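Student: sequence and computational prediction follow.
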Amino acid sequence: MRAAAAAFIVVLAAPAGAQDSPEPAEAADAPAEPAEAGYGGDGGQASGDALRPEGEAPATTSAPESYVVQPGDTLWNLSQRFLNNPWYWPKIWSYNPDFDNPNWIRPGSRVRFYDSSEPVLGEAPGEEVSDEKEPDFEDIQGGGFEGDDVAARLADVGTEQRRREFFVPSERLDDAGQVLHSPDEKRLLTVTDRVYVKLKNAGKPGETLQVFRPVRDVRHPVTGADLGKLVALIGEVRVDALSREQALGTVVTSWDSVERGDFVGRLPTSLEPLRAVANAKNVKGYIVESGSTPLSFFGESYSVLIDKGSADGVQVGNSFTVVRAGDPYLRQYSGLADEDVGQVLIIDTEKHIATGVLVNSARELVSGDRCEMRVAQ
């Protein structure tokens, strides 16, 4: 956050050759918007006073050591009020790293107007704090991944949040149940509302089933074949009573309004941590698409669908390596060696589709990228 504030401050700083102590701008209740972000209408002089070096407070006699935020306060108007210049707000933000969002400072919190020697949250006491500090990035030689490093990355990967998107093959969707009616006189149903559910595969009283809604069709990026649908988890229904083809249930969880016509079935919502499982065979496939919001490009932490599943020997915990060959500048995509550009951990499998999470990527990945499940040598 401090680095982000520093980056903004550079934009606001006076250009080279500006006076060390420029004349302060006239105080105004509502300063005029600059022609460009951080610059005045003349295209060269920075709007407001040039910001002073890190560690020095802006020259002022009215700013207290700290101030308790009142309803309606913003960093912009506090900078105008106490420092006679609203453009000092990035500097003030840099003194208050506990503010995650400079556009929202909560009433009752305390704003510091001067630098403090106290350690910033998340930094070890005594560690030198510098806005110039660069983040530590992994140096990936040639975009590939070493086998031992991959194993370490895959180990202990867990799903700490409940999944909300799932791939469902066409045949499974045909076997799913449906919300038919409700004795409650309303269209949008939620927690504690009762529903009548049509079940093709009857469960048992007390069982909890998932309510889901189709979001979009999933097609193979190379063959164009219809693979199934991506569905969104809407809520959960507890089965209270069963008849031959229907069940009476109660909505016990709801992330969105449950409606008549929504599908009901069993989805893998387990939150247990995942561990890497050694690949048992070599399998080649394609990334079909992103497993949530449709995206043109995706990288680390995004879910993806792969066109190989349990029938092909893929298990939960296996990993696929994404490979790519080509020279985009010369538009040559054949006759060149493959390069490892990503790593996918499998978190769920259907018969011919697997869902995975990108745990490593050296390039932006796209639908149609090739991937390989490799047996360790």
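Tutor: Structure's in. What do you need?
Student: hey, where'd the strands end up in the stretch 151-300 of the chain?
Tutor: 165-169, 177-181, 194-198, 208-219, 226-242, 246-254, 263-265, 283-290 (DSSP state E, counting those that start in this stretch).
Student: thought residue 191 was touching residue 255?
Tutor: No. Applying Cβ atoms under 8 Å as the test, residue 191 and residue 255 come out as separate, 10.5 Å apart. Yep, even glycine has a C-beta here, placed from its N, CA and C like the rest.
Student: for those two, list the residues in contact with both.
Tutor: residue 235 (Cβ atoms under 8 Å, 6 or more residues apart in numbering).
Student: state the distance from residue 228 to residue 176.
Tutor: According to Cβ to Cβ, to the nearest Å, residue 228 and residue 176 sit 12 Å apart.
Student: now do residue 281
Tutor: 31 Å.
Student: likewise for residue 366?
Tutor: Between residue 366 and residue 176 the computed distance is 31 Å (Cβ to Cβ).
Student: these two: which is more packed in?
Tutor: Applying other Cβ atoms under 10 Å to residue 366 and residue 176 shows that residue 176 carries more neighbours, namely 21 against 16.
Student: ok, the more buried one - contacts?
Tutor: The contact partners of residue 176, by Cβ under 8 Å, 6+ apart, come to 168, 200, 263, 264, 265.
Student: pull out the buried members of those residues.
Tutor: Buried members of the contacts of residue 176, counted by 16 or more other Cβ atoms under 10 Å: 168, 263, 264, 265.
Student: closest one to residue 237 out of those, please.
Tutor: residue 264 (6.2 Å; Cβ to Cβ).
Student: surely the closest one touches residue 180?
Tutor: No. Contact criterion Cβ under 8 Å: residue 264 and residue 180 do not qualify, at 9.8 Å.
Student: any common contacting residues for those two?
Tutor: If you check residue 264 and residue 180 against Cβ under 8 Å, 6+ apart, the residues they both contact are residue 197.
Student: on that earlier part again, what would the buried ones among the contacts of residue 176 look like in CSV with distance to residue 286?
Tutor: CSV is the format used below for those (distance: Cβ to Cβ, whole Å):
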residue, distance to residue 286
168, 19
263, 27
264, 31
265, 27
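Student: pick out the most distant pair among those residues.
Tutor: So, the buried ones among the contacts of residue 176 by Cβ to Cβ: farthest apart are 168 and 264, at 12.1 Å.
Student: mind listing the shared neighbours of the two?
Tutor: Common neighbours of residue 168 and residue 264 (criterion: Cβ under 8 Å, 6+ apart): 176, 212.
Student: quick revisit: to residue 67, which of the strands of the stretch 151-300 of the chain lies closest?
Tutor: strand 246-254 (42.2 Å).
Student: show me what that closest one is in contact with.
Tutor: 177, 180, 189-199, 202-203, 208-209, 211, 234-241, 258.
Student: convert the C-alpha atoms of that strand to PDB, please.
Tutor: Presented in PDB, the C-alpha positions along strand 246-254 are these (Å, rounded to 0.1, in the frame of the first residue of the first chain):
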ATOM      1  CA  GLN A 246     -41.300 -35.400  -5.200                       C
ATOM      2  CA  ALA A 247     -39.800 -34.200  -1.900                       C
ATOM      3  CA  LEU A 248     -40.800 -31.400   0.400                       C
ATOM      4  CA  GLY A 249     -37.800 -29.500   1.500                       C
ATOM      5  CA  THR A 250     -36.700 -26.300   3.300                       C
ATOM      6  CA  VAL A 251     -34.200 -23.800   1.900                       C
ATOM      7  CA  VAL A 252     -31.400 -23.800   4.500                       C
ATOM      8  CA  THR A 253     -28.700 -21.700   2.700                       C
ATOM      9  CA  SER A 254     -29.100 -19.100   0.100                       C
END
